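Asker: turn this into a structure:
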Amino acid sequence: YPSYSTMRLLLLSSLSFVLISCSRWADYDVLSAHGGVFKALPWTTQELLHVSSLHSRAEYHKLMPFIKEKLIESRDDLSPSERTAIERFLVAKRPPPMADHLFDEEEKQSIDDFHSKGLVSDVIAIWSQALQRLPDKMREKMVEYLSTS
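Answerer: Next comes the predicted model:
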């Protein structure tokens, strides 16, 4: 099983795009994450902030429908290959079920607060604590998901 420091490193690398503070959007190409598959969609800054917030709280059960709705809204803006690439990503990168319950409401609020201030290490600390609470097999599955998405 990965050590605590290894998990922190994996989380830092795999979650880096979702933990960029609002004031640093211009300095970071958030859409380069996930191989740039979502660059084809016409995102507003508010939508990107919403995606980032959902992502940082592991609220994939809210994120996936949001992206699907954006895909429907953008049907005229996408080529068939772009649409297919996004649809395939959504199917292939479905999060494990435990992601929906990784954080309690207090942790989600703390993540929001830290995220809005750009305090990446504090967000990662919450993630690390949540992962440590999981049984070994669930933790392994969640870390694998985070490091390969």
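Asker: who does the host helix or strand of residue 61 touch, helix- and strand-wise?
Answerer: Using DSSP states H and E, residue 61 falls within helix 60-73. If you count contacts as 3 or more CB pairs under 8 Å, 6 or more residues apart in numbering; DSSP states H and E, helix 60-73 packs onto helix 45-56, helix 80-92. Every C-beta, even on glycine, is put in place using the N, C-alpha and C of the backbone.
Asker: please identify the deepest-packed of the ones you listed.
Answerer: Of all the helices and strands packed on helix 60-73, helix 45-56 has the most neighbours on average by mean count of other CB atoms under 10 Å, namely a mean of 17.
Asker: that one: how far from the chain's middle?
Answerer: Distance, stretch centre to chain centre, for helix 45-56: 9 Å (CA atoms, centre = their mean, to the nearest Å).
Asker: follow-up on the earlier one: ok, of the helices and strands packed on helix 60-73, where does mean pLDDT dip lowest?
Answerer: Mean pLDDT across the helices and strands packed on helix 60-73 is lowest at helix 45-56; the value there is a mean of 88.
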